[in-house]
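1. I'll drop the sequence and a predicted model, then ask my questions.
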Amino acid sequence: MRIAVCEQNPAQRDQLCSWIWQVCSLYGLEPELAAYGAPQELLDALRLRRFEIILLSADGPEGFLAVRQLRERDRQAQIIFLTDTNRYMVMGVRLHLADYVVKPLEFQKISRSLKLCGIGVGGWG
């Protein structure tokens, strides 16, 4: 399974990747992780490859715009939106997000989000 992580802060990006590995290893899964520092990098990557799960950390209106662009490019991907506000939560429902996580990020929140995407409860393990 291919998972993309988009987070501007390198330490937080590494933490997210570590948490994903921890959750997947509980179910005997070895994800193919790709990490990006900016939404545009992720959008560019989508031209060449597809991800089953995308974790996008972006704040404000630019973050929600990035979510819309991701959904336009891939209607099947499970998108987990990580942001500092619940302001766009209703719009997130319209874009069929797998989860909408308000920061601060915690292992339990990420684990729950990955389970909502099916990890450990069905097709992945």
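-> Structure received. Just so you know, these numbers come straight off a predicted model, no measurement behind them.
2. can you pull the pLDDT of Gly122?
-> Gly122 is assigned a pLDDT of 61 by the prediction.
3. Is it correct that Arg33 falls within a helix?
-> Actually, residue 33 is Leu. It isn't Arg. No. Applying DSSP: H, G, I helix; E, B strand; the rest coil, one finds Leu33 to be strand, outside a helix.
4. Isn't it up against Ile20?
-> Yes. If you go by CB atoms under 8 Å, Leu33 and Ile20 touch, sitting 6.4 Å apart. Using the backbone N, CA and C atoms, a C-beta is placed for each residue, glycine as well.
5. Of these two, give the one with the bigger neighbour count.
-> Between Leu33 and Ile20, counting by other CB atoms under 10 Å, Ile20 is the more crowded of the two (22 against 19).
6. Okay, and the more buried one sits in which element?
-> For Ile20, the host element (DSSP states H and E) is helix 10-26.
7. Return the set of buried residues in that helix.
-> Gln12, Arg13, Gln15, Leu16, Cys17, Trp19, Ile20, Val23, Cys24 (16 or more other CB atoms under 10 Å).
8. Quick check: closest non-adjacent residue to Leu26.
-> Among residues not flanking Leu26 along the chain, Gly120 sits closest, at 6.7 Å (CB to CB, 6 or more residues apart in numbering).
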